[in-house]
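> Generate a structure from the sequence data that follows.
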Amino acid sequence: MMHLDHTHDGPTAVSADAQRPDGTRRALRIGLGGPVGSGKTATVAALCRALRDQISLAVVTNDIYTREDAEFLLREAVLPPERITAVETGACPHTAIRDDISANLEAVEDLEDEAGPLDLILVESGGDNLTATFSKGLVDAQIFVIDVAGGDDIPRKGGPGVTTADLLVVNKTDLAPYVGSDLARMAADAKAQRAELPVVFQSLRTGDGVTGVADWVRARLAAWAA
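Model prediction:
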């Protein structure tokens, strides 16, 4: 796994409503978006395994007509079943995370009511394209996942997901030699597009795995708690 040496001035939440109706602090909400097959669900699973013994967390997945991603997480037993829920969007997944977020808001609020108190809720978008972004009314920070098999020109092409997400994850780096992707070129292009926003290069098949992303999430949690 490689990290670009990018830094923030400090992680900050973007959602104004930090309180639950009873006045208690709600869970930090982090959205994960990215193209189909980029490894979002595998990253969510790895994050759950890395964080579940340290914090109280839950997951909302989004699919168009199925519960496939939630069922994968349930089969992998990454969290107790009551901490995983699915939203069937019935349309473009982007709609349910950016435009009409009501179903996702209901899902995260139900998780807090039924499985809380929670420190973190991960909201995974259904597979979408490079324009996918989350409403600031739904999540406090956004992770965008791309993979090297999609082409090493993706960071150069940009798009809101690549350029504005709080964290960009370039996944499946172990495949780079087999698909002809130039990781150094991807790193340079990502820096050009994102300036000081952080980037993590990740392979879930290697020893480091999700460590870089998990460390970033811990930093967001520390800022949220403060």
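> Show me which residues of stretch 79-97 are buried.
Across stretch 79-97, burial judged by 16 or more other C-beta atoms under 10 Å covers 79, 83-89, 93-97. To be clear about C-beta, it is placed using only N, CA and C from the backbone, and glycine gets the same treatment.
> Strands of this structure, start to end?
Counting by DSSP state E, the chain has these strands, from start to end: 2-3, 28-33, 57-63, 84-88, 120-124, 141-147, 167-171, 199-201.
> Tabulate those in JSON lines, adding columns for mean pLDDT.
Listed next are the strands of the chain as JSON lines, based on pLDDT from 0 to 100:
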{"stretch": "strand 2-3", "mean pLDDT": "39"}
{"stretch": "strand 28-33", "mean pLDDT": "96"}
{"stretch": "strand 57-63", "mean pLDDT": "93"}
{"stretch": "strand 84-88", "mean pLDDT": "90"}
{"stretch": "strand 120-124", "mean pLDDT": "96"}
{"stretch": "strand 141-147", "mean pLDDT": "96"}
{"stretch": "strand 167-171", "mean pLDDT": "97"}
{"stretch": "strand 199-201", "mean pLDDT": "97"}
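> Rebuild these as TSV, extending it with distance to Glu109.
Listed next are these as TSV, based on distance: least, C-beta to C-beta, whole Å:
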stretch	distance to Glu109
strand 2-3	35
strand 28-33	11
strand 57-63	10
strand 84-88	11
strand 120-124	10
strand 141-147	18
strand 167-171	25
strand 199-201	30
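> so which of those gets nearest Ala225?
For those, the distance to Ala225 is smallest for strand 28-33, at 8.4 Å, taking C-beta to C-beta.
> So what are the sheet partners of that closest one and their directions?
With DSSP bridges as the test, strand 28-33 is paired with strand 120-124 (parallel), strand 141-147 (parallel).
> Work out which residue lies at the spatial centre of this structure.
Using C-alpha atoms, centre = their mean, the residue of the chain that lies closest to the mean C-alpha position is Leu32, 2.3 Å off.
> Do a quick rundown of the helices in the chain.
Here the chain has its helices, by DSSP state H, at 40-51, 68-76, 93-94, 102-115, 154-157, 160-164, 176-179, 183-194, 211-225.
> most packed of those helices?
helix 40-51 (a mean of 22; mean count of other C-beta atoms under 10 Å).
> what sits against the nearest residue to Gly209 once chain neighbours are set aside?
Sequence neighbours aside, Ala46 is the residue nearest to Gly209 in space, at 5.8 Å (criterion: C-beta to C-beta, 6 or more residues apart in numbering). Ala46 makes contact with Leu204, Gly209, Val210, Val213, Ala214, according to C-beta atoms under 8 Å, 6 or more residues apart in numbering.
> Apply 7 Å and report the result again.
Ala46 sits next to Leu204, Gly209, Val210 when contact means C-beta atoms under 7 Å, 6 or more residues apart in numbering.
> Which one (most neighbours) among these?
Val210 (25 neighbours; other C-beta atoms under 10 Å).
> so that one makes contact with Ala50?
Yes. With contact defined as C-beta atoms under 7 Å, Val210 counts as touching Ala50 (5.6 Å).
> Next, count neighbours for the closest residue to Gly34 other than its chain neighbours.
Closest residue to Gly34 apart from its sequence neighbours, by C-beta to C-beta, 6+ apart: Val145 at 3.6 Å. Val145 has 28 neighbours, counted by other C-beta under 10 Å.
> Bridge partners for Val145, pull those for me.
Under the criterion used (DSSP bridges), Val145 bridges to Val169.
> Brilliant, that's me finished.
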